[in-house]
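Participant: Need the 3D shape of this:
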Amino acid sequence: MTCTWVICGAGSGVGKTHVAQELCKVLPDAVYAKSGCGQKDPAKPQNFFSTEEELTSFIQACRGQHRHIVVESNALARRAMGDIIIFVGGTAGRTDFRTDTASLQSKAHLSIIPGGSTAEWERVLREKLPSIEPRDGVRKVLQEHALYLNSLAAARPDSVPHRPGASRDGVDESIGTSGLREVDPIRIAIDSHRAVQDHCVVVVEELVTLMVDQVGSFAIMCTPCDVKALAIGFAFTEGMIESIGDVAGYCHRPNDRVVAMRVDDPQRVVTQRNLIVTSSCGLCGSRNIDSLLSGHSACGDSLRVPCSLLPAVVDEMRSRQVLFERTGGTHAAAIFDGHGKLVAFGEDIGRHNALDKAIGERVICDMPLAGHGVVLSGRVSLELVAKAVRAGLEVILAVSAPSSLAIQAADRWNITLCGFVRGQRATVYTHPKRIEGVASET
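Facilitator: Sure, this is the predicted structure:
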């Protein structure tokens, strides 16, 4: 028996196509189809029909050949043609552009709308899907999209992402999500005045919007790889979560450049950031510095690192900098244990993003952070020390220099801060007790 799913909704930008495609992934032997009056987008799935008659003929031909037919069509929904009709709602003034939304919703068996009830979902799914596995998959698709719509509705108008599938400046999405982009600059030789084309790759910098339900939206300039680790790490270092168990829901839309997240206790979260976090300075827009410096307890004192391990840890981090090797344009952060073993790694155009990614990797795996150290590829700012103390990292090794505030914070929070860890030298600014095997001058 074939089950026909009809996805309808309130205009462009609500994610009807996304829901339909995700359903096709979790429903066994499913086929997708869509009707519309516009031109077929080559980047979208096949089976696009310009008339309702063509779409209906396609559905009839598929009956008996596929177990599920997932159709994106407001026209079929208006005629109540579908075994399961799903209405996807929008946000007034932003994505809700249709005049017949109430009529469409009245035809639906279940609705995904900002702030809407999910009470009818289980009854409909149990009635239509006797098998537990696809039912759980469908429920997850609906829950993730509801989280996305809730976050979108709560965001400021100027932070709403571009519509799904919309292109920006001709950017290839597949290149962007890898963190690299191909370019064709001109390389000049100053002495000879000669110029040649020099095909190369550069690191991607783009805005990813993190929307935390009932907390706020955070527009982060970053390199769009390891985005889940970045989002979880950012939420952890900002104090929104204490562990991965505090994440009640997570949804990543690479094409929209949006991460939606729900935390268990949003009322507990206190943050004063609700703006763009640039790739150069993660502290922008944060609470004032005096408040930041007094906002953490001192780190523990369990880690000891042999002096001889310092250059080895830096070299190991550098060996993992794949994006830097190809572009020369990224920073890295790696978390290490007392034996100098790297247990997490992050790379990004932003120094603080790289650290969030490394921390997020540990949080996602529910592995301990306290009692470890971190090695950084660049200079050390106050923001990076604040993130380290939040994670309980006791030692910071950096290839470059620390700022005065970074030294002040590390001293106050009982962190061993080492800069200029290069080759066979290192400068220890605070709490040298954790670096073992150092011979004192007599």
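Participant: Let me know whether Leu27 touches Gly137 as I believe.
Facilitator: Yes - Leu27 is in contact with Gly137 according to Cβ atoms under 8 Å; the separation is 7.3 Å. C-beta coordinates here come from the backbone N, C-alpha and C atoms, glycine included.
Participant: all helices for the stretch 1-150 of the chain, in order.
Facilitator: With DSSP state H, counting those that start in this stretch, the ranges of helices along the stretch 1-150 of the chain come out as 16-26, 52-62, 74-78, 101-107, 119-128, 132-154.
Participant: same check, this time on the stretch 301-442 of the chain
Facilitator: Under DSSP H, counting those that start in this stretch, the stretch 301-442 of the chain gives helices at 310-319, 322-327, 351-364, 382-391, 404-412.
Participant: Can you tell me which of those is packed in deepest?
Facilitator: With neighbours taken as mean count of other Cβ atoms under 10 Å, the helices of the stretch 301-442 of the chain reach their highest mean count in helix 351-364, at a mean of 27.
Participant: and that helix, how far out from the chain's middle?
Facilitator: The chain centroid and the centroid of helix 351-364 are separated by 11 Å, computed with Cα atoms, centre = their mean, to the nearest Å.
Participant: pLDDT (mean, whole number) over that helix?
Facilitator: Mean per-residue pLDDT for helix 351-364: 96.
Participant: Who are the packing partners of it?
Facilitator: helix 227-237, strand 331-336, strand 342-348, strand 373-376, helix 382-391 (3 or more Cβ pairs under 8 Å, 6 or more residues apart in numbering; DSSP states H and E).
Participant: Can I get the ones you listed in a markdown table including distance to Phe87 and mean pLDDT?
Facilitator: Listed next are the helices and strands packed on helix 351-364 as a markdown table, based on distance: least, Cβ to Cβ, whole Å; pLDDT from 0 to 100:
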| stretch | distance to Phe87 | mean pLDDT |
| --- | --- | --- |
| helix 227-237 | 29 | 95 |
| strand 331-336 | 44 | 97 |
| strand 342-348 | 39 | 96 |
| strand 373-376 | 48 | 98 |
| helix 382-391 | 42 | 93 |
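Participant: Switch the ones you listed over to a markdown table; also include distance to Ala219.
Facilitator: Compiled in a markdown table, these are given as follows (distance: least, Cβ to Cβ, whole Å):
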| stretch | distance to Ala219 |
| --- | --- |
| helix 227-237 | 12 |
| strand 331-336 | 19 |
| strand 342-348 | 15 |
| strand 373-376 | 24 |
| helix 382-391 | 17 |
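Participant: Turn the helices of the stretch 301-442 of the chain into a markdown table, including distance to Gly340.
Facilitator: Formatted as a markdown table, the helices of the stretch 301-442 of the chain follow (distance: least, Cβ to Cβ, whole Å):
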| stretch | distance to Gly340 |
| --- | --- |
| helix 310-319 | 5 |
| helix 322-327 | 21 |
| helix 351-364 | 15 |
| helix 382-391 | 17 |
| helix 404-412 | 20 |
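Participant: Alright, I will stop here.
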